[in-house]
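Trainee: dropping the sequence and predicted coords here.
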Amino acid sequence: MTEQNPFERKNGQQPEHKKPAEVSEPEGEEIELSPDELVEITAEKMEIEAESVVEKSKKEIKRLDKESGLGEPELTEAKKETGVEEETKSFGQKVSEVLKMAKDKIYGLFQSTTEEKPEKEVVFDGVFDPEAELVVIKKLPHQERKQAVEIFKEKLAAQKEGLAKMQTQLIEYVRINPDASFEELVKKAEDLGSPYGMSESQLEITAEVLKAYMEKHKAVRKIRTEYSDDAEIYELLFGQKPKGKVQIVEGPLTLHLRLLDKDDYEHTLRAATDLTHGQQSSDTYIQMMAEKTSGVTLNKVMIPELDGSVIAEKAESEDFNDTAKKIYDHEEQHAMKKFFEEQRNSSNALSEFRASQSDEERENALRHFCRHNRQQIEEKAKDEIMAYFKGSTHSAEQVVGTLTRTQEQGGTYDYFMINKMEEVLSKFLLSKSIDEKYLPMIKKVIHDVFRNEYDNLIKNGVKSFVDLQKSDYSTDKTIALLTHEPLRKWPLVVKRMLESKK
């Protein structure tokens, strides 16, 4: 029996392929790369080129082995005498050391550039409420308004930076004091935010985030208390008993699963992905994900209270050594940061909507909210693009056509419909005391963000992938360079990389 072409419709008709659009950011979204991101891209590019040199050396050794006509024992003895394998390994290690030094040097250059232009320090004398300040500024005489706006912008930028720092400090406090009371955490947030003029409404948003944290923390503690057998917890989360050993480490917000069996890791990815998107994932996609990741935070599991709180690690051994601890720390910090940012962004968007004075402002607030809620779908689409290019020789037009085809057109990647985004987001917004008269506006923005903008993201992402391939990067190298970048940043990342190559 022949395997069905994934690009054919179920009725056997060929899809209507669309030509990828020129690279252009979706309207209203400003994409920038931070110095850190630029360093990572540069360093990763260097690493891939270096790995290529090492791999070529290994292949050359294998070729010479075959041509020598020697048997395995003689080859092994000859290699020991010449030290060729040790030299190759040593070369690889030296390359890694040089890359680390280069990376540190690049960071240093960015830091020295920043130090040459110190920013003006902003001191907050009491509370700074951006919404209230804008109301006051609008009432000022025209000649006074320009200077007031400049001061406002300086304070707003300083407060945003300060509150981001506050969030990092608060997350670290939670990690050290996982069982702190709600009142204690709110007081800590107030103390940390006070130097940056944190307003009452901003503190209320932070309190909402901390409430959500307390609920997640209780759910994690509950299952860990009720079930002492790690294998039993795995079965509850993913619907089948593990084949190999499972070690579970409890964090303030997470259950970290160390999986020592490759099949268990693949099943975990498959179960979580299928739950997230309501459909079965392809073997190519799951195998690629299992191959390119050493640890992932799972958006969905079979216990809804733990969605986003379970981390799966592809463990190399039972020993919880320094490498394993680094993976654990990295994934836990990532999960906590993501959780706090998701909760804060949702609260900020709702606050922004309620404070809006016009329909244009309300639409912008809704757009921010919807784009934030689209990120999970973007991540899945990014992985599907890489899986299609890795697993076959489909054209860019075919990949775009497949990933943007709606359910009505026979598409199987229509996450807007699969995840019932319009229904879910509309109900959520109305449940937050937003007047029903805004429902048509809500639906319009949801459709625009999840249909029009999303299709552009796919087209631009596919074009960016192909542009790298055309610039003498193999499919595997292209995947390695783009795998850690959000889909929406691919065009800018690729543009920077190709410019640096000239």
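Mentor: Alright, I've got the coordinates. Please read all numbers here as calculations on a predicted model, not as lab measurements.

Trainee: for the spatially closest residue to residue 245 that is not a sequence neighbour, report the pLDDT, please.
Mentor: Spatial nearest neighbour of residue 245, chain neighbours left out: residue 260 (4.7 Å); criterion: Cβ to Cβ, 6 or more residues apart in numbering. Every residue, glycine included, has its C-beta placed from N, CA and C. Model confidence at residue 260, given as pLDDT, is 93.

Trainee: pretty sure residue 260 sits against residue 319.
Mentor: No. Contact between residue 260 and residue 319 fails when scored by Cβ atoms under 8 Å: they sit 10.6 Å apart.

Trainee: low-confidence stretches in the stretch 101-250 of the chain?
Mentor: For the stretch 101-250 of the chain, the stretches with pLDDT under 70 are 101-120.

Trainee: quick one, what contacts the residue nearest to residue 245?
Mentor: Shown in contact with residue 260 (Cβ atoms under 8 Å, 6 or more residues apart in numbering): 244, 245, 246, 247, 315, 317, 318.

Trainee: give me the number of residues near the second one?
Mentor: Yep, that's residue 245 we're talking about. Residue 245: 14 surrounding residues under other Cβ atoms under 10 Å.

Trainee: then the last one?
Mentor: Using other Cβ under 10 Å, residue 318 is surrounded by 11 other residues.

Trainee: again, but for the first one
Mentor: Using other Cβ under 10 Å as the criterion, residue 244 is surrounded by 13 other residues.

Trainee: residues contacting it?
Mentor: Contacts of residue 244 (Cβ under 8 Å, 6+ apart): 259, 260, 261, 263, 264.

Trainee: what do you get for the second one?
Mentor: Under the criterion of Cβ under 8 Å, 6+ apart, the neighbours of residue 245 are 260, 261, 318.

Trainee: next one: phi and psi at the last one?
Mentor: Note on residue 318: its backbone torsions stand at phi -70, psi -20 [degrees, to the nearest 10].

Trainee: distance of it relative to residue 242?
Mentor: Per Cβ to Cβ, to the nearest Å, residue 318 is found 14 Å from residue 242.

Trainee: low-confidence regions, the stretch 301-450 of the chain specifically.
Mentor: 391-392.

Trainee: just the helices in it please.
Mentor: 322-355, 359-391, 396-404, 415-418, 421-431, 439-447 (DSSP state H, counting those that start in this stretch).

Trainee: got the angle for the fifth one vs helix 359-391?
Mentor: Interaxial angle of helix 421-431 relative to helix 359-391 (axes from the mean of the first three to the mean of the last three Cα atoms, to 10 degrees): 140 degrees.

Trainee: ok, which stretches of this structure are strands?
Mentor: Counting by DSSP state E, the chain has strands at residues 246-250, 255-259, 295-298, 310-314.

Trainee: in CSV: the ones you listed, plus mean neighbour count and distance to residue 428.
Mentor: Listed next are these as CSV, based on neighbours: other Cβ atoms under 10 Å; distance: least, Cβ to Cβ, whole Å:
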stretch, mean neighbour count, distance to residue 428
strand 246-250, 18, 30
strand 255-259, 24, 26
strand 295-298, 22, 22
strand 310-314, 25, 23
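
Trainee: tabulate these (a markdown table), appending distance to residue 355.
Mentor: Shown next, in a markdown table, are the strands of the chain (distance: least, Cβ to Cβ, whole Å):
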| stretch | distance to residue 355 |
| --- | --- |
| strand 246-250 | 39 |
| strand 255-259 | 38 |
| strand 295-298 | 32 |
| strand 310-314 | 36 |
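
Trainee: out of the ones you listed, which gets nearest to residue 205?
Mentor: Smallest distance to residue 205 across the strands of the chain (Cβ to Cβ): 23.2 Å, for strand 295-298.

Trainee: single out the most deeply packed of the helices of the stretch 301-450 of the chain.
Mentor: helix 396-404 (a mean of 22; mean count of other Cβ atoms under 10 Å).

Trainee: okay, angle between that one and helix 359-391 too, please.
Mentor: Using the same axes, to 10 degrees: helix 396-404 against helix 359-391 is 120 degrees.

Trainee: show me the domain layout of the chain.
Mentor: Domains of the chain are assigned by automatic domain parsing as 35-116, 123-196, 199-355.

Trainee: winner for burial among the ones you listed?
Mentor: Most buried among those, counting by mean count of other Cβ under 10 Å: domain 199-355, with a mean of 18.

Trainee: on that earlier part again, residue 421 is nearest to which of the strands of the chain?
Mentor: Ranked by Cβ to Cβ, the member of the strands of the chain that lies closest to residue 421 is strand 295-298, at 20.0 Å.

Trainee: now the closest residue to residue 405 other than its chain neighbours: phi and psi?
Mentor: Computed as Cβ to Cβ, 6+ apart, the closest residue to residue 405 that is not its neighbour in sequence is residue 411, at 3.1 Å. Taking degrees, to the nearest 10, you get phi -70, psi 150 for the backbone angles of residue 411.

Trainee: and for the one 3 residues further on?
Mentor: Recorded main-chain torsions at residue 414 are phi -90, psi 80, according to degrees, to the nearest 10.

Trainee: please name the nearest non-neighbouring residue to it.
Mentor: Distance criterion Cβ to Cβ, 6+ apart; nearest residue to residue 414, sequence neighbours excluded, is residue 407 at 4.4 Å.

Trainee: so who does the one you found touch?
Mentor: 414, 417, 418.

Trainee: what is the nearest of these to residue 462?
Mentor: For the contacts of residue 407, the nearest to residue 462 is residue 414 (16.8 Å; Cβ to Cβ).

Trainee: report how many residues lie close to that closest one.
Mentor: Neighbour tally, residue 414, other Cβ under 10 Å: 19.

Trainee: tell me how far it lies from residue 403.
Mentor: 9 Å.

Trainee: overlap in contacts of those two?
Mentor: Common neighbours of residue 414 and residue 403 (Cβ under 8 Å, 6+ apart) do not exist.
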